[in-house]
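K.L.:
Predicted coordinates and the sequence they were generated for:
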Amino acid sequence: MKHKHAELIKAWADGAIIQYKGSLNEWIDFDPPSYADWHESMEYRIKPEKPEIQVDHHIMTMNLRFTIEKDGALMKFVDVELIK
């Protein structure tokens, strides 16, 4: 049976930087010493080339989470979601 994270494990073996989602919903660089350290209950991804910054902001009685990408001094608006 194929491991849940088989494609990410292969990408890691091929040199990709992998991140896992921490307890505060932040992405943390992950360098497992072995295949056994890939937990099926965890969320992993290939580290994006450009870092993401998440900012919580309160606007007009709605809680919105903006996702922006920072490239040097420039910031690019990528996504917005309503926080319940």
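P.N.:
Sure, I can see it. Residues are numbered from 1 along each chain as shown.
K.L.:
going forward, measure contacts and count neighbours with C-alpha atoms only.
P.N.:
OK.
K.L.:
how is the protein carved up into domains?
P.N.:
The chain is divided into the following domains under automatic domain parsing: 1-47, 49-84.
K.L.:
Mean pLDDT and mean neighbour count added to the ones you listed, as JSON lines?
P.N.:
Putting those into JSON lines (pLDDT from 0 to 100; neighbours: other Cα atoms under 10 Å) gives the following:
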{"stretch": "domain 1-47", "mean pLDDT": "86", "mean neighbour count": "13"}
{"stretch": "domain 49-84", "mean pLDDT": "68", "mean neighbour count": "11"}
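K.L.:
Quick check: nearest residue in space to the most centrally placed residue in the chain, chain neighbours excluded?
P.N.:
Most central in the chain under Cα atoms, centre = their mean is W27, positioned 4.4 Å from the mean C-alpha point. Excluding the flanking residues, the one nearest W27 by Cα to Cα, 6 or more residues apart in numbering is K21, at 4.7 Å.
K.L.:
what secondary structure does the nearest residue to V80 once chain neighbours are set aside sit in?
P.N.:
In space, and not counting its chain neighbours, V80 is closest to F66: 4.5 Å by Cα to Cα, 6+ apart. Of the three states, F66 takes strand under DSSP: H, G, I helix; E, B strand; the rest coil.
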